[in-house]
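J.: need a 3D model of the sequence below.
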Amino acid sequence: VGLKRTVEPLENFDLVESIDNLKKALPTADFVVILAPLNKETRGLIGYEELSCMKKEGVLINLARGPLVVEEDLIKILREEKIKGAGLDVFSREPLPEDSPLWDFEQVIITSHVGGFSDLSNERAIELISRNIRLFEEGKELINQIDIP
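T.: Numbers count the residues shown, from 1 in each chain. Sure, this is the predicted structure:
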């Protein structure tokens, strides 16, 4: 099940719902994988209230951007053992400071902002760049274009 702002079919997803259904979807997920962009709407998307909605056996995985998750709230939830654990590839401050309590949890896996890479990463990047070059040459809107203020 995927959640996003624009509800549309996605490859490898059985169901795509509105992000407005986040709190309803969290209790149903064994794994909550965050892959959202960071913007003013998504900053702090997952805080104490959302984490409290997760299953006790649930695992939070953040491969997107650190500030999407309120780290202090995640630490509190982990201390209270309200979720099973977390896989964290990104943090509010990178690299993750040595004195962060996140290092102390056995049920937390920490990687250094490399979790999004796979055997297909380069192939997908080349495909996207090639497609954007063609779109640019045709004067059309680019894929994944963002507006940086």
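J.: what residues of stretch 44-55 count as buried?
T.: 45, 46, 47, 50, 51, 52, 53, 54, 55 (16 or more other CB atoms under 10 Å). Where you see a C-beta, it was placed from the backbone N, CA and C, and this is true even at glycine.
J.: contact partners of it?
T.: Stretch 44-55 is contacted by residues 22-23, 26-30, 32, 34, 36, 60, 62, 67-70, 73-74, 76-77, 82-84 when judged by CB atoms under 8 Å, 6 or more residues apart in numbering.
J.: now those: which count as buried?
T.: Among those, those classed as buried by 16+ other CB under 10 Å are 26, 29, 32, 34, 36, 60, 62, 67-70, 73-74, 76-77, 82-84.
J.: okay, and which of those residues map to helices?
T.: Of the positions in the buried ones among the contacts of stretch 44-55, 73, 74, 76, 77 sit in helices, assigned by DSSP state H.
J.: these: which two are farthest apart?
T.: Pairwise distances across those (CB to CB) peak at 7.3 Å, for the pair 74 and 76.
J.: how close does the most centrally placed residue in the chain get to residue 86?
T.: When CA atoms, centre = their mean is applied to the chain, the residue found nearest the centroid is residue 34 (2.0 Å). From residue 34 across to residue 86, the span is 10 Å (CB to CB, to the nearest Å).
J.: joint contacts of those two?
T.: Shared contacts of residue 34 and residue 86, defined by CB under 8 Å, 6+ apart, are found at 60, 61, 62.
J.: is it true that the second one touches residue 34?
T.: Yes. Using CB atoms under 8 Å, residue 61 makes contact with residue 34 at a distance of 6.8 Å.
J.: for the chain, which helix is longest?
T.: Identified as the longest helix of the chain according to DSSP H is helix 121-137.
J.: and that one, how far out from the chain's middle?
T.: The chain centroid and the centroid of helix 121-137 are separated by 23 Å under CA atoms, centre = their mean, to the nearest Å.
J.: CA atoms of it as CSV?
T.: The C-alpha atoms that make up helix 121-137 are tabulated as CSV, following Å, rounded to 0.1, in the frame of the first residue of the first chain:
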residue,chain,number,x,y,z
SER,A,121,20.2,2.7,-9.5
ASN,A,122,22.5,3.6,-12.3
GLU,A,123,20.3,2.2,-15.0
ARG,A,124,17.3,4.1,-13.6
ALA,A,125,19.3,7.4,-13.3
ILE,A,126,20.6,7.1,-16.9
GLU,A,127,17.0,6.4,-18.1
LEU,A,128,15.6,9.4,-16.3
ILE,A,129,18.4,11.7,-17.4
SER,A,130,18.0,10.6,-21.1
ARG,A,131,14.3,11.1,-20.9
ASN,A,132,14.7,14.6,-19.4
ILE,A,133,17.2,15.6,-22.1
ARG,A,134,14.6,14.6,-24.8
LEU,A,135,11.9,16.5,-23.0
PHE,A,136,14.1,19.5,-22.6
GLU,A,137,15.0,19.5,-26.3
